[in-house]
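[1] show me the folded form of this:
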Amino acid sequence: MVAPPLLRAAAIALTLVPAVSAAAALDMVVMEARGLRLSPGQVISGGTPLVLEAGQQVTLMSQDGRVVKLRGPSSQAPAPQNPGPQADVQLAMRLLVTQQAARERAGAIRGGESRVPPDPWLIDIGVSGVRCLPPNTAPVLWRADGRGMAPVTIAPSDHSWRMEAQWGAGLDRLVLPSDVPLAMRGTYSVRLGAREVSLSLVEIPSAFTNDAMRAGYMMEIGCDAQAKALFARAGLVMK
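    This next block holds a predicted model:
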């Protein structure tokens with residue numbers, strides 16, 4: 001018996017769905033490349049062999065937040081041998097929490113004694129280091145102690161401009177005006193009262209489409225406290 005055209009089309013669609021999902025799970029995002037014509041944020045197929053000559057290096061992010069580093073000479077496919085399910089972000093996040101805890105126990109955390117902010121995208125000005133922001137996110141400064149009024153100044157490393165403002169008493173956050181020309185990958189001096197820190201801002205590539213990928217990227221480049229805030233927002237607690 002020949003199936004009606006509508007049923008045949010449905011059967012074809014059902015057989016195609018798993019294949020598409022499997023292929024998507026192998027997509028990887030370029031974090032850094034040396035000696036290759038690959039750009040940060042570029043998406044490549046993790047199941048296709050990537051030929052690297054001697055001296056060439058590439059760092060990639062899988063859909064489940066795992067970082068893969070390859071160095072030439074090499075011709076292997078970059079995807080992990082056991083890629084996690086693309087949709088199971090919660091499982092990937094739990095694995096990253098375990099990895100983060102192991103890194104802390106090993107003393108591998110960079111960036112000083114930064115505190116975990118109440119929101120992952122707040123810019124902690126209590127300690128020098130790297131701060132991560134998603135694309136098109138307005139910068140908001142955060143201080144753990146928001147009791148007293150204090151003057152705050154921000155200036156880039158080349159001293160080409162300077163912003164001065166008063167941080168109000170009882171406020172732990174300060175939304176920066178839209179005309180403050182903060183640039184990603186820029187380094188800034190931030191002074192609150194008598195304390196001064198140096199902060200570098202990094203934009204999280206838009207190709208990182210889930211929190212597992214964002215957290216993995218943040219852990220890799222040194223935004224560890226923000227990654228922990230991302231875990232906390234997902235209801236995950238480090239042990």
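[2] ok, and what's touching the helix or strand containing residue 30?
    Element membership for residue 30, per DSSP states H and E: strand 27-34. Here strand 27-34 makes contact (CB atoms under 8 Å, 6 or more residues apart in numbering) with 38-46, 55-63, 67-68, 78-79, 205, 207-208, 213, 217, 220. Heads up, the C-betas are built off the backbone N, CA and C, glycines and all.
[3] just stretch 121-130 next, same as before
    Under CB under 8 Å, 6+ apart, the answer for stretch 121-130 is 110-115, 117, 131-134, 137, 139-144, 152, 173, 190, 192, 197-202, 221-223, 225-226, 229.
[4] for this protein, which spans come out with low pLDDT?
    Within the chain, the segments meeting pLDDT under 70 span 1-25, 81-87, 107-114, 238-239.
[5] all helices of the protein, in order?
    5-25, 89-105, 211-221, 224-233 (DSSP state H).
[6] still on that earlier bit, name every strand pairing with the strand holding residue 30 and say which way it goes.
    Paired strands of strand 27-34, with direction, are strand 43-45 (antiparallel), strand 57-61 (antiparallel) (DSSP bridges).
[7] in PDB, list the C-alpha atoms belonging to that strand.
    The C-alpha trace of strand 27-34 is given here as PDB (Å, rounded to 0.1, in the frame of the first residue of the first chain):
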ATOM      1  CA  ASP A  27      28.900  23.200  15.400                       C
ATOM      2  CA  MET A  28      31.700  24.900  17.200                       C
ATOM      3  CA  VAL A  29      32.600  28.500  17.700                       C
ATOM      4  CA  VAL A  30      36.100  30.000  17.200                       C
ATOM      5  CA  MET A  31      37.400  31.600  20.300                       C
ATOM      6  CA  GLU A  32      41.000  32.300  19.100                       C
ATOM      7  CA  ALA A  33      43.000  31.400  16.100                       C
ATOM      8  CA  ARG A  34      46.700  31.900  15.300                       C
END
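[8] among the contacts of stretch 121-130, which ones are buried?
    111, 114, 117, 131-133, 139, 141-143, 152, 173, 190, 192, 197, 199-202, 221-223, 225-226, 229 (16 or more other CB atoms under 10 Å).
[9] from those residues, which land in strands?
    131-133, 141-142, 152, 173, 190, 192, 197, 199-202 (DSSP state E).
[10] what does stretch 146-155 contact?
    Against stretch 146-155 from outside (CB under 8 Å, 6+ apart): 125, 141, 161-174, 176, 180, 182, 188-193.
[11] go with 10 Å
    Around stretch 146-155, the neighbours that count as contacts under CB atoms under 10 Å, 6 or more residues apart in numbering are 125, 139, 141, 143, 161-174, 176, 180, 182, 188-196, 199.
[12] kindly export that stretch (C-alpha atoms) in PDB.
    Taking Å, rounded to 0.1, in the frame of the first residue of the first chain, the C-alpha atoms of stretch 146-155 are listed here in PDB:
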ATOM      1  CA  GLY A 146      26.600  50.700  48.600                       C
ATOM      2  CA  ARG A 147      26.200  52.600  51.800                       C
ATOM      3  CA  GLY A 148      27.900  56.000  51.300                       C
ATOM      4  CA  MET A 149      28.000  58.600  48.600                       C
ATOM      5  CA  ALA A 150      31.400  58.700  46.700                       C
ATOM      6  CA  PRO A 151      32.900  60.300  43.600                       C
ATOM      7  CA  VAL A 152      33.600  58.000  40.700                       C
ATOM      8  CA  THR A 153      35.800  58.600  37.700                       C
ATOM      9  CA  ILE A 154      36.500  56.500  34.600                       C
ATOM     10  CA  ALA A 155      39.200  57.000  32.000                       C
END
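[13] stretch 117-124 spans what distance, first to last residue?
    7 Å (CA to CA, to the nearest Å).
[14] any buried residues in that stretch, and which?
    117, 120-124.
[15] repeat for stretch 28-44
    28-31, 33, 36, 38, 41, 44.
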